[in-house]
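Enquirer: sequence and predicted model, in that order:
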Amino acid sequence: MTDSSAVHFDRVTLKRGHRTILADATMRLPQGKVTAVVGPSGAGKSTLLYALSGELAPSDGVLTVLGQRMPRPSARELFALRRRMGVLLQGNGLLTDLDVFENVALPVRMHTDLPEPVLRELVSMKLNAVGLAEAAELMPQELSGGMARRVAIARALALDPPLMLYDEPLSGLDPIACGVILDLIRRLNDSLGLTSMVITHHVTETLAMADHAVVVANHGIAYEGPPTGLAEATDPLLRQFLDGQPDGPIGFDYRRQRQGGQRG
Amino acid sequence: MAKWLASLGRIGLFQWRVLRATDLRRGQLGDIARQLYTVGARSLPIVAVGGLFVGLVISLQGYRALETIGAGSALGTAIGIPLYRELGPVLAAILFCGRAGSSMAAELGLMRATDQITALSMMAIDPIGKVVAPRWLAAFISVPLLTAVFCAFAILGGYLQAVWALGIDAGFFWSSLQNSVDLAEDFGQCFVKAGFFGVATALVSTYVGYHAEPTIEGTSIATTRSVVHGSLMVLFLDFLLTATLY
């Protein structure tokens, strides 16, 4: 960890094949805080998550996650690191042949030797934390979008990781479910002393509850700082994104987006 | 040629990873039992019915051929030898590819498309150990067992056709079958082949499913490939084994 940061990107470049997704990116996730990562579609927000979880190695720069320097830990080290982070994927990734209880119990069963009564107690606590203690026997197909998202959060929290990464936790949810999820993220972060990164398109709602904000645009970090600073920003790129203007420095046309990506 | 060799290398490495990830602790035994039911037990009806019809047909065709030389009573031989040496293991494995191999490939493809495999990896759980190895093992165990069921029903079909429809004496039927089928040469060959076919069908189905593109089309392609490539692999291996081992 760098100073009070759980994650530190230091001039990191991320590429997929020959295509540069993010160039020379420097940002950090402050310890114990909720960081909102926002930006237009295709800007590379989810790529940040893949780099953090070790799925994508930086082609340049230094990425430090929970005190461990990426890019290329061995498979064993990578799995040890992943046990210390909870990841909520955009598609939830709940195993459809297991019920809610077994989905949450899965990482505990695989990584610990807890006796069954203790495991049941632990899983019940996690489900209780997301308000789904009564839904333990339901199958993922029987859950609403918001409930499935909460089960996936409970599963990501099962091993008590210090770092939580949320990839589009609000996509496809109605405003009430969005409010429930954001409130849950905030409460869990504060009560469990976590560090959280929320990647989202829901700018207004997420910035309202976040402690720290990062804007990813045009293949780089366009802003990093307190969310309140964004309201006063005069940078045309930030204004275009925050005000939802169709014309501006952020290209709508795919060719312009690609040209932006070649600069790294 | 280089591309073909590279593919072969990737399949070999995948097989090695599956074998390494096989660990009967941590719930894998339960996963294997579930998969044995899904891919093995649920394939029983199609294999049994398929075997029955194959037995009926061989009996009918064999009788016509043998009757031309006045040897209709040796029908048991005409059923037993081709059944154990070729038809039993080959047809059971091909039926398995169509019924269970395709379902394994589709399941794994859908798991890839719905982030389930990525989620396992993010939880530091090896997806090969959790979702591939149990399916691979279940298929490997199921194919020889289903072959035995296929052969039993084919013999039953042959018997019904021979004794009830063609009027051959039951004693002649069973004695010619018993005298012509050798335990090591025929019965043994049947199960050695079934073991190889079990590995081949399990490997093809899990490999194409696990590596499917995470889209609906990708899942559909993987499902088709598991049947086409699996069946061709069974036929190719059958030729190879017959030519080299026997």
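Expert: Looks like it came in fine. Values in this document were obtained by computation on a predicted structure and should not be read as measured data.

Enquirer: who's in contact with residue 155?
Expert: No chain was given, so I picked chain A. Neighbour list for A:Arg155: A:94, A:103-104, A:106-107, A:126, B:123 [criterion: Cβ atoms under 8 Å, 6 or more residues apart in numbering or on different chains]. All C-beta atoms are positioned from the backbone trio N, CA, C, and that covers glycine.

Enquirer: looking at chain B here, not the other one
Expert: If you count contacts by Cβ under 8 Å, 6+ apart, B:Ile155 has them with B:55, B:79-80, B:83, B:177.

Enquirer: show me which of these are buried.
Expert: Buried by 16 or more other Cβ atoms under 10 Å in any protein chain shown: B:55, B:79-80, B:83, B:177, out of the contacts of B:Ile155.

Enquirer: let's have those residues in TSV, adding pLDDT and secondary structure.
Expert: What follows is those, written out as TSV (pLDDT from 0 to 100; DSSP: H, G, I helix; E, B strand; the rest coil):
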residue	pLDDT	secondary structure
B:Gly55	95	helix
B:Ile79	92	helix
B:Gly80	92	helix
B:Leu83	94	helix
B:Leu177	91	helix
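
Enquirer: I'd like those residues written out as a markdown table, with distance to chain A added.
Expert: Formatted as a markdown table, the buried ones among the contacts of B:Ile155 follow (distance: Cβ to the nearest Cβ, whole Å):
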| residue | distance to chain A |
| --- | --- |
| B:Gly55 | 36 |
| B:Ile79 | 41 |
| B:Gly80 | 41 |
| B:Leu83 | 37 |
| B:Leu177 | 43 |
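
Enquirer: scan the chain for its longest helix.
Expert: Using chain A here. helix A:175-192 (DSSP state H).

Enquirer: try chain B instead
Expert: helix B:216-245.

Enquirer: next, the buried residues of that one.
Expert: Applying 16+ other Cβ under 10 Å to helix B:216-245 flags B:218-219, B:221-223, B:225-227, B:229-231, B:233-234, B:237-238, B:241 as buried.

Enquirer: just stretch A:187-205 next, same as before
Expert: A:188-189, A:194-200, A:202-203, A:205.

Enquirer: close to chain B, is it?
Expert: No: against chain B, stretch A:187-205 shows no contacts by Cβ under 8 Å from any Cβ of the partner chain, the least distance being 13.7 Å.

Enquirer: tell me which parts of chain B are close to chain A?
Expert: Looking at chain A, the residues of chain B close enough under Cβ under 8 Å from any Cβ are B:26-27, B:34, B:111, B:114-116, B:118-126, B:130.

Enquirer: just the buried residues of those.
Expert: B:27, B:111, B:114-116, B:118-126, B:130.

Enquirer: give me the subset of these lying in helices.
Expert: Short answer: those in helices (DSSP H) are B:111, B:116, B:118-122.

Enquirer: what strand or helix carries the residue lying farthest from the centre of chain B?
Expert: With Cα atoms, centre = their mean as the measure, chain B has its most outlying C-alpha, relative to the mean C-alpha position, at B:Gly70: 36.2 Å. Taking DSSP states H and E as the definition, B:Gly70 sits outside all helices and strands.

Enquirer: now it: how far from B:Phe153?
Expert: Counting by Cβ to Cβ, to the nearest Å, the separation of B:Gly70 from B:Phe153 is 29 Å.

Enquirer: name the residue of chain B that lies nearest to chain A.
Expert: Closest residue of chain B to chain A, Cβ to the nearest Cβ: B:Ala119 (2.6 Å).

Enquirer: quick revisit: rank the buried ones among the residues of chain B next to chain A by pLDDT and give me only the lowest.
Expert: The lowest pLDDT within these belongs to B:Gly27, with 69.

Enquirer: relative to A:Glu142, which of the ones in helices among the buried ones among the residues of chain B next to chain A is nearest.
Expert: B:Gln116 (16.8 Å; Cβ to Cβ).

Enquirer: can you list the residues of the stretch 151-264 of chain A near chain B?
Expert: A:152, A:155-156.

Enquirer: any regions of the stretch 51-200 of chain A where pLDDT drops low?
Expert: Along the stretch 51-200 of chain A, the parts satisfying pLDDT under 70 run over A:71-73.

Enquirer: what residues sit buried inside the host helix or strand of A:Val123?
Expert: Using DSSP H and E, the element containing A:Val123 is helix A:116-129. For helix A:116-129, burial by neighbour count (16+ other Cβ under 10 Å) applies to A:119, A:122-123, A:126-127, A:129.

Enquirer: taking the stretch 1-150 of chain A, what residue is nearest to chain B?
Expert: Residue of the stretch 1-150 of chain A nearest chain B, by Cβ to the nearest Cβ: A:Gly93 (2.6 Å).

Enquirer: shouldn't that residue be in contact with B:Ser121?
Expert: No: counting by Cβ atoms under 8 Å, A:Gly93 stays clear of B:Ser121, with 9.5 Å between them.

Enquirer: check which helix or strand covers the residue nearest the centre of chain B.
Expert: Among the residues of chain B, the one closest to the centroid is B:Ala93, at 2.2 Å (Cα atoms, centre = their mean). Secondary structure from DSSP H and E places B:Ala93 in helix B:88-96.

Enquirer: which residues does A:Ser124 contact?
Expert: Counting by Cβ under 8 Å, 6+ apart, A:Ser124 makes contact with A:133, A:136.

Enquirer: measure B:Ala133 to A:Gly145 for me?
Expert: From B:Ala133 to A:Gly145 the distance is 32 Å (Cβ to Cβ).

Enquirer: please disregard the earlier target; I meant B:Phe197.
Expert: Remark: distance between B:Phe197 and A:Gly145 (Cβ to Cβ) = 43 Å.

Enquirer: looking at the two, which has the bigger crowd around it?
Expert: B:Phe197 (29 against 14; other Cβ atoms under 10 Å in any protein chain shown).

Enquirer: pretty sure that one sits against B:Leu91.
Expert: No: the pair B:Phe197 / B:Leu91 is not scored as a contact, 10.3 Å apart, by Cβ under 8 Å.

Enquirer: if I look at these two, which residues touch both of them?
Expert: The contact sets of B:Phe197 and B:Leu91 do not overlap (Cβ under 8 Å, 6+ apart).

Enquirer: wait, B:Thr223 touches B:Glu107, no?
Expert: No: B:Thr223 is beyond contact range of B:Glu107, at 9.6 Å (criterion: Cβ under 8 Å).

Enquirer: any residues in contact with both of these two?
Expert: Taking Cβ under 8 Å, 6+ apart as the contact rule, B:Thr223 and B:Glu107 both touch B:Gly209.

Enquirer: need the phi and psi values for the residue nearest to the residue of chain B closest to chain A when sequence neighbours are not counted.
Expert: Spatial nearest neighbour of B:Ala119, chain neighbours left out: A:Gly93 (2.6 Å); criterion: Cβ to Cβ, 6 or more residues apart in numbering or on different chains. Torsion angles at A:Gly93 (phi, psi; degrees, to the nearest 10) stand at phi 70, psi 30.

Enquirer: show me what contacts A:Gly93?
Expert: A:152, B:114-116, B:118-120, B:122.

Enquirer: quickly check those for the two that are furthest apart.
Expert: Farthest apart among the contacts of A:Gly93 by Cβ to Cβ are B:Thr114 and B:Met122. That separation is 13.8 Å.

Enquirer: in chain A, which spans are strands?
Expert: Along chain A, counting by DSSP state E, strands occupy A:5-16, A:19-30, A:34-38, A:60-65, A:68-70, A:85-88, A:163-167, A:195-200, A:212-217, A:220-225.

Enquirer: by contact count, what packs against the fifth one?
Expert: Looking back up the chat, that one is strand A:68-70. strand A:60-65 (3 or more Cβ pairs under 8 Å, 6 or more residues apart in numbering or on different chains; DSSP states H and E).
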